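Asks: Sequence and predicted structure are below.
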Amino acid sequence: MLQVSNINKSFHSTHALNGCSLTANSNKITAIVGPNGAGKTTLFNIVSGYTKPDSGSILLSDNNLRGLRPHDIYRLGVARTWQQVNLFKSLLVWQHLVIAENNNDSKIINNLIHHENTPWQRYKKHLKDYGLDNYLKTQVGSLSFGQSKLLQLAMVLLRNNQLILLDEPIAGVNHVVQQRIEKILLNLKKRNRTLVLIEHNIEFVKKIADKVIVLNQGKVLAEGKPTEIFNNQKVINSYLGT
Amino acid sequence: MHLVIMIGIYVTLSVGLNLTMGFAGVPNLGHVAFFGIGAYTSALLSLSNFPFLFALVVSGLTGATSGLLLILLTHELKGGYMALATLSFSSLVYVTLLNWEGLTRGTMGIPGIPKPGLWGVKLAPNTSYALIVLTIMMISLLFARRLTASPYGRLWIALRDNEVALSALGKNIFRLKAQNMMISAFFAGIAGSLFAHQLSYIDPSSFYLSETVLITSIVVLGGLASLRGTVIATIIILLIPEALYFLNIPAQYVGPAKPIIYASLLLIILIFRPNGLLGKYSSV
Amino acid sequence: MLLLQLLINGMIAGSIYALVASGFSLIHSTNRFLHLAHGAVITLGAFTFHTLFLLLDLPLYISALATIVATSFLGWLTYAFIYSPLKTRGASRSTLLVASLALAILLGNILLLLFGPDPRSINFDLPGVNISGALITGLQLLIIIISLIILIILFAFTKWSKLGKTMRAVADNHELAEISGINSKKIEITGFIIGSAIAGLAAVLITLDQNIDPYMGRELMIKGLTGAIVGGVTSLPGAVFGSYFLGLLENVGILWLPSSYKDAIAAVLLISFLLFKPTGFFGLNKKTIND
């Protein structure tokens, strides 16, 4: 379970987050929505350790995430994806999975002594739901945009991460890819993980989110079930900019 | 034989540079400083009667320590700034070597560095030293090959491609950069030691800008992240002065002619064939 | 009085560094990379001037003018045949820096090949002045005056002339300038030529006053670079300020450091600023040197 309390963050003179507090429960999909500039990505950056908040706290179950560096936060079981494609263009698909699995690849001596033992079958099986099982040895530069997004998702779901942050997982993808992602995310709910996503696609959010949190001007405007939220006049107004 | 030894030394040195510039994508113009530090360390230790092997290893370690210092100072810099900062580092080291006369004898250099032989084996001194150098070169190459072909080596490539994404996947970026720079500098340090013992005389001028252009040309010609390419390029580039002697060019022209050729070669490769001979990545 | 002499020496050195740094800074702001071969261009100018004025006995003004034309032409050559092709291929700033380094080595060694390593000089005499015990030769006084005049002209040019303002626009935001229809390539070339012309002027003054040798470009480049970085490489007045700061620091610093460490001052200053305050005293807080 993720608990964000009273986060404030300013960049120069812009107040990105203004006393933002929210909770995301495990086994649920929480969607964060809101107009552009509401502070959604900043919030993700703070939770995953890329930005330091000016004040406030971030608790993941019993762990305090504040002040930790991105790789330490990852070790606690937090994984995130990005709006743009953030892969390693010189590496192949399977090599990305090896890195994502984080199994001793940083230990030099280990690498000098042991021979690499890639779990091809396991990776192939994992990638099946993403439609990438035949692409293990492909250079990621040749993947389509949708495939790249699927790979990013496959990478963060390879381990048993307890908190998964998805920044616009279906932005820019075609219908087929969207359906795949939908199915994968819905499957995740049974696995004791906390899933938080940022999305602009309201239909998608209505389909998969258990709880919707609306962020506007750096703080929570409203939260609740999708149907309630999207019929809420205040929310509609915030999108229209009144 | 001298040529063979120099090739062994420069392969070790350039492979080290390829680890930072080629694999991890760091525009490191300070590599030659580690070369110089290693050379002077080894020279001073040998002249104080420490055994060669000890001097060799310590040179590598002082190189690695300097590498750590450099990465501590520069790890947050990017691109052009990194290039400039590392270049300034090599300037600083050069100026120190030149001025700290108490330690380094400044422009007078350090003469009389002894050449080690193979224990118990009777061979011409140059031959036995060549064997030593080639052995060390082979060990270095094997180490580099093993490391870069392993999952760890791919972390360096990932670092080069997308540092932010890598940190999001749980890797300690600073540690990776530090290990990369330190290993690279270790290679340069031992190359420096081998260099000092071969030439038996060193002075600061061998460890500055012309040398930087030389080793950068080797790495760029061979191709970034290609170890095989570095070996081939070293041989080609070190053969060039031989060609000059062959053409009977008068001695006072050979001095400046070498850097002219290396610099021109570097420029030509950058403009016309940035991937070098065997590189997978463009230098440009 | 010793301090006054040192201050004057600092002003002289600072003037020369300022000329070097201003040309360099102009090239950097219009071209967005560090043209480390600038010092080598100055060296070439120095030898050109020496050859024309001393060896061929041409009149002073003609030699000086020819030198300035020569360095401008050389600047243009390096742009046209090296930097521009690289830029077209998408070269990063660090690649361009490496190329400029190679170019510097190339030019320096060509000069070494042609002229040999020995220093040369022109003993140009102008009656000096004695200011309360501090000596300054007429030539040195002239250097300070000419430098200040040129720097003022340069400043006025970039601030008030149409071309100058266009150059600043390109320096500030090159993508925006391109979209607004400014021919940034033309600006790049112009910046290069003007910067290299100033290099030629610096070469003339240096040659009249001091010994020249093929290695001098290296040192001048470091000094100019340090001045530019200390003052803020995105700011032309900053580069000038930084250069005078360096000149004064080096010369007044003799009071505390042994004089052999004079050159180390620049190196230490450069690396300190790069690591701790890369934007210098007056540079804008944009990461304009970062890729």
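Replies: Received, thanks.

Asks: Show me where chain A has its strands.
Replies: Here chain A has its strands, by DSSP state E, at A:2-11, A:14-24, A:28-33, A:55-60, A:63-64, A:78-80, A:163-167, A:194-198, A:211-216, A:219-224.

Asks: got it, and the stretch 101-250 of chain C?
Replies: C:129-131, C:134-136 (DSSP state E, counting those that start in this stretch).

Asks: Tell me the strands beside the first one, with direction?
Replies: Here strand C:129-131 has these sheet partners by DSSP bridges: strand C:134-136 (antiparallel).

Asks: and stretch B:207-227 with chain A, contact?
Replies: No: on the criterion C-beta under 8 Å from any C-beta of the partner chain, stretch B:207-227 is out of touch with chain A, staying 8.5 Å away. Where you see a C-beta, it was placed from the backbone N, CA and C, and this is true even at glycine.

Asks: Residue B:5 is in contact with residue B:130, correct?
Replies: Yes: if you go by C-beta atoms under 8 Å, residue B:130 and residue B:5 touch, sitting 5.1 Å apart.

Asks: Compare the strands of chain A and report which one is nearest to chain B.
Replies: strand A:78-80 (5.8 Å; C-beta to the nearest C-beta).

Asks: tell me what that closest one is packed against?
Replies: Applying 3 or more C-beta pairs under 8 Å, 6 or more residues apart in numbering or on different chains; DSSP states H and E, one finds that strand A:78-80 makes contact with helix A:40-47, helix A:145-156, strand A:163-167.

Asks: report the longest helix in chain B, please.
Replies: As assigned by DSSP state H, the longest helix anywhere in chain B is helix B:173-199.

Asks: ugh, typo on my part, it should be chain C
Replies: Counting residues, the longest helix in chain C under DSSP H turns out to be helix C:2-31.

Asks: Let me see the contact set for residue C:103.
Replies: Residue C:103 sits next to B:263, B:267, C:36-37, C:40, C:78, C:82 when contact means C-beta atoms under 8 Å, 6 or more residues apart in numbering or on different chains.

Asks: which of these lies closest to chain A?
Replies: Nearest to chain A among the contacts of residue C:103, counting by C-beta to the nearest C-beta, is residue B:267 at 25.5 Å.

Asks: Can you give me every residue that contacts the closest residue in space to that closest one that isn't next to it in sequence?
Replies: Among residues not flanking residue B:267 along the chain, residue C:102 sits closest, at 5.2 Å (C-beta to C-beta, 6 or more residues apart in numbering or on different chains). Shown in contact with residue C:102 (C-beta under 8 Å, 6+ apart): B:213, B:216-217, B:262-264, B:266-267, B:270.

Asks: Show me the domain layout of chain A.
Replies: A:1-77+A:161-242, A:85-159 (automatic domain parsing).

Asks: and the ones you listed, which one's lowest on average pLDDT?
Replies: Of all the domains of chain A, domain A:1-77+A:161-242 carries the lowest average pLDDT, namely a mean of 85.

Asks: what helix or strand does whatever residue of the stretch 101-250 of chain B ends up closest to chain C sit in?
Replies: Of all residues in the stretch 101-250 of chain B, residue B:213 sits closest to chain C, at 4.9 Å by C-beta to the nearest C-beta. In the assignment (DSSP states H and E), residue B:213 maps to helix B:209-222.

Asks: which element follows that helix toward the C-terminus?
Replies: Following helix B:209-222 in sequence order, the next helix or strand is helix B:227-246 (DSSP H and E).

Asks: Can you list the buried residues in that next one?
Replies: By 16 or more other C-beta atoms under 10 Å in any protein chain shown, the buried positions in helix B:227-246 come out as B:227, B:229-235, B:237-238, B:241, B:244.

Asks: which other helices and strands contact it?
Replies: Partner elements for helix B:227-246 (3+ C-beta pairs under 8 Å, 6+ apart): helix B:2-17, helix B:125-149, helix B:209-222, helix B:251-272.

Asks: Tabulate those helices in JSON lines, adding columns for mean neighbour count.
Replies: Formatted as JSON lines, the helices and strands packed on helix B:227-246 follow (neighbours: other C-beta atoms under 10 Å in any protein chain shown):
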{"stretch": "helix B:2-17", "mean neighbour count": "24"}
{"stretch": "helix B:125-149", "mean neighbour count": "17"}
{"stretch": "helix B:209-222", "mean neighbour count": "26"}
{"stretch": "helix B:251-272", "mean neighbour count": "19"}
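
Asks: Take these and write them to CSV, including mean pLDDT.
Replies: As requested, the helices and strands packed on helix B:227-246 are arranged in CSV below (pLDDT from 0 to 100):
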stretch, mean pLDDT
helix B:2-17, 94
helix B:125-149, 89
helix B:209-222, 93
helix B:251-272, 88
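
Asks: List phi and psi for whichever residue of chain A sits closest to chain C.
Replies: Residue of chain A nearest chain C, by C-beta to the nearest C-beta: residue A:12 (10.2 Å). Main-chain torsions, residue A:12, degrees, to the nearest 10: phi 50, psi -110.

Asks: gap between it and residue B:107?
Replies: Using C-beta to C-beta, to the nearest Å, we find residue A:12 at a distance of 51 Å from residue B:107.

Asks: cool, and residue A:50?
Replies: Per C-beta to C-beta, residue A:50 is found 49 Å from residue B:107.

Asks: Have a look at those two and say which one is more surrounded.
Replies: residue A:50 (17 against 12; other C-beta atoms under 10 Å in any protein chain shown).
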